[in-house]
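Chemist: Generate coordinates for the sequence data below:
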Amino acid sequence: MGQPDFEDNDAMSVLAMAKALIKRKSITPHDEGCLELIENFLTPLGFKAEHMPFEDTSNLWIRKGDTAPLFVFVGHTDVVPTGPLDKWQSPPFEPTVKDGMLYGRGAADMKGSIASMLVAIYAFVKSFPNHKGSLALLLTSDEEGSAANGTVKVVKVLQERGEIPDFCLVGEPSSANRLGDTIKNGRRGSLTGHLIVKGVQGHIAYPHLAKNPIHLFAPALADLVNMTFDSGNEFFQPTSFQISNINAGTGADNVIPGDIEILFNFRYSPEVTAHILEEKVRALLDKHKLQYGLTFRLSGEPFLTRPGTLVDSAQKAISEVCDIKAELSTTGGTSDGRFVAKMGCEVIELGPINATIHKIDECVSVEDLEKLSRIYERILELTLGK
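Modeler: Next up, the predicted model:
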């Protein structure tokens with residue numbers, strides 16, 4: 001553990017680094033030596049490593065330079081569980097190349113991106129040994145899990161000591177159909193609600209002696225589904241409301257349930273706030289004169305990076321390497337970019353095609369990883385090169 005799967009950095013390719021990372025069975029929140037491998041690779045280039053473990057999570061802040069501007073790559077070494085091993089065409093932690101595709105858990109999300117980052121950093125530092133500003137990586141083993149002891153806590157440490165990035169590139173798999181076709185320049189907020197509507201349990205043959213909470217809640221649900229919360233803006237779709245789970249009943253077919261439990265989620269634009277959404281829901285439930293209990297959990301606030309130095313550099317690099325114009329998007333789920341964005345820096349997400357992430361036989365094009373590394377390198381040249 002800790003010794004790279006290649007003899008020296010000069011002989012290392014993106015594929016070799018990706019394979020070395022995939023071999024490590026780093027199911028969240030475990031790192032299994034990935035961060036040590038990365039540290040061993042970067043320290044000869046002048047990077048200084050700082051490990052920041054919090055509870056069961058391994059975190060690495062590794063930086064070269066101490067002046068502005070500060071460019072930070074953000075990523076995670078943990079992966080989701082594999083699912084049934086017998087469904088994989090090759091073992092998920094034995095990286096395999098077939099027909100130009102690299103197979104293995106984490107190939108696309110996001111060990112392939114980390115490999116591309118490392119090779120890009122190596123090439124950039126060799127070409128620009130006296131580059132302006134500073135270059136760093138923030139890596140965690142807790143992105144695919146609770147995300148409670150990873151990037152969010154490292155960011156807090158950085159904020160407390162005034163170590164604020166100017167540019168942040170998250171290596172999440174952002175591409176849809178072709179490498180570089182999409183840059184995530186923001187994300188919607190995520191607000192989850194846990195609602196319990198109360199009724200009175202009773203025999204189904206005597207409904208006048210009971211209060212069916214399903215029936216009571218149905219009109220309110222119809223209003224929630226049809227409610228317009230905002231119209232979005234030039235970068236964000238309108239806020240969406242979705243029910244994820246409804247549960248009621250005792251399991252018997254002759255009992256009116258005493259309550260109904262509902263889980264729902266808002267993916268919301270910056271045109272509203274979590275507080276506004278909470279108040280709208282409570283007002284609607286009160287309008288329908290329901291007895292209820294309601295709690296909310298805010299997973300992340302929306303953020304946006306408008307076209308500027310980082311977005312423009314990324315679009316230019318993609319155009320040069322892939323000969324396409326990248327579209328800007330704020331759709332999809334949350335990422336650790338939401339934590340870094342709170343520091344006020346420019347944040348984008350740019351990585352490989354996301355078609356197989358979290359799936360059986362997760363894979364990524366080897367050629368795409370090599371191109372992604374060149375894109376990352378070019379972005380560094382445009383932002384930190386002299």
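
Chemist: Could you list every helix and strand in contact with the helix or strand where Ile375 lies?
Modeler: Secondary structure assignment for Ile375, by DSSP states H and E: helix 366-384. Contacts defined by 3 or more C-beta pairs under 8 Å, 6 or more residues apart in numbering; DSSP states H and E place helix 366-384 against helix 14-22, strand 70-76, strand 101-103, helix 111-127, strand 167-170, helix 309-322. In this view, the C-beta of every residue, glycine as well, is placed from N, C-alpha and C.

Chemist: If we use 6 Å, what do you get?
Modeler: The helices and strands touching helix 366-384, judged by 3 or more C-beta pairs under 6 Å, 6 or more residues apart in numbering; DSSP states H and E, are helix 14-22, helix 111-127, helix 309-322.

Chemist: and those as TSV, adding mean neighbour count and distance to Glu279?
Modeler: Conversion of these to TSV gives the following (neighbours: other C-beta atoms under 10 Å; distance: least, C-beta to C-beta, whole Å):
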stretch	mean neighbour count	distance to Glu279
helix 14-22	23	45
helix 111-127	24	39
helix 309-322	19	34
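
Chemist: Now do the buried residues in stretch 143-158.
Modeler: For stretch 143-158, burial by neighbour count (16 or more other C-beta atoms under 10 Å) applies to Glu143, Glu144, Gly145, Ala147, Asn149, Gly150, Thr151, Val152, Lys153, Val154, Val155, Leu158.

Chemist: Show me the contact partners of stretch 317-330.
Modeler: By C-beta atoms under 6 Å, 6 or more residues apart in numbering, the surrounding residues in contact with stretch 317-330 are 179-180, 182-187, 235-236, 315, 371, 374-375, 378-379.

Chemist: Of the residues you listed, which is the nearest to Gly333?
Modeler: Nearest to Gly333 among these: Arg187, at 7.7 Å, using C-beta to C-beta.

Chemist: quick one: the residue nearest to Glu377 when sequence neighbours are not counted and Arg187, what's the gap?
Modeler: Leaving aside its sequence neighbours, Glu377 sits nearest to Ala120 (C-beta to C-beta, 6 or more residues apart in numbering; 3.9 Å). Separation of Ala120 from Arg187 (C-beta to C-beta, to the nearest Å): 24 Å.

Chemist: ok, now Phe264?
Modeler: Phe264 is 19 Å from Arg187, where distance means C-beta to C-beta.

Chemist: With Asn226 instead?
Modeler: 26 Å.

Chemist: do the same with Ala220
Modeler: Taken as C-beta to C-beta, the span from Ala220 to Arg187 is 29 Å.

Chemist: Compare neighbour counts for these two and give me the winner.
Modeler: It is Arg187, of Ala220 and Arg187, that has more neighbours when counted by other C-beta atoms under 10 Å, with 27 against 21.

Chemist: what's across from the more buried one in the sheet?
Modeler: Arg187 has these beta-bridge partners by DSSP bridges: Phe303.

Chemist: ok, now how distant is it from Ala18?
Modeler: Arg187 is 26 Å from Ala18, by C-beta to C-beta.

Chemist: Same check on Gly145?
Modeler: Separation of Gly145 from Ala18 (C-beta to C-beta): 22 Å.

Chemist: Can you tell me the element the residue nearest to the spatial centre of the chain falls in?
Modeler: By C-alpha atoms, centre = their mean, the chain has its centre lying nearest to Ser335, at 2.3 Å. When secondary structure is defined by DSSP H and E, Ser335 falls outside every helix and strand.

Chemist: residues near the residue lying closest to it once chain neighbours are set aside, how many?
Modeler: Once flanking residues are discounted, Ser335 sits nearest to Glu172: 4.9 Å by C-beta to C-beta, 6+ apart. Counted by other C-beta under 10 Å, the residues lying close to Glu172 total 28.

Chemist: Test my guess that Glu172 contacts Leu350.
Modeler: No. Counting by C-beta atoms under 6 Å, Leu350 is not a contact partner of Glu172; they are 8.1 Å apart.

Chemist: tell me the phi and psi of the residue nearest to the centre of the chain?
Modeler: phi -150, psi 180 (degrees, to the nearest 10).

Chemist: does it really touch Gly171, like I thought?
Modeler: No. Between Ser335 and Gly171 there is no contact under C-beta under 6 Å: 9.6 Å.

Chemist: Quickly name whichever of the buried residues of stretch 143-158 is closest to Leu191.
Modeler: Distance to Leu191, by C-beta to C-beta, is smallest for Ala147 among the buried residues of stretch 143-158, at 15.6 Å.

Chemist: I'd assumed that closest one was in a helix, is it?
Modeler: No. Going by DSSP: H, G, I helix; E, B strand; the rest coil, the assignment for Ala147 is coil, not a helix.

Chemist: what sits against the residue nearest to it when sequence neighbours are not counted?
Modeler: The shortest distance from Ala147 to any non-neighbouring residue, by C-beta to C-beta, 6+ apart, is to Asp336 (7.0 Å). Contact analysis of Asp336 by C-beta under 6 Å, 6+ apart lists Val74, Glu143, Thr151.

Chemist: ok, now how distant is the nearest residue to the last one once chain neighbours are set aside from Pro352?
Modeler: Read that as Thr151. Distances taken as C-beta to C-beta, 6+ apart place Asp336 nearest to Thr151, at 4.1 Å, with adjacent residues excluded. Look at Asp336 and Pro352: by C-beta to C-beta, they are 17 Å apart.

Chemist: One more: Phe47?
Modeler: According to C-beta to C-beta, Phe47 and Pro352 sit 24 Å apart.

Chemist: Between those two, point out the one with more neighbours.
Modeler: Shown here are Phe47 and Pro352; by other C-beta under 10 Å, Pro352 has more neighbours (28 against 19).

Chemist: The more buried one against Ala108, yeah?
Modeler: Yes. Counting by C-beta under 6 Å, Ala108 is a contact partner of Pro352 at 5.3 Å.
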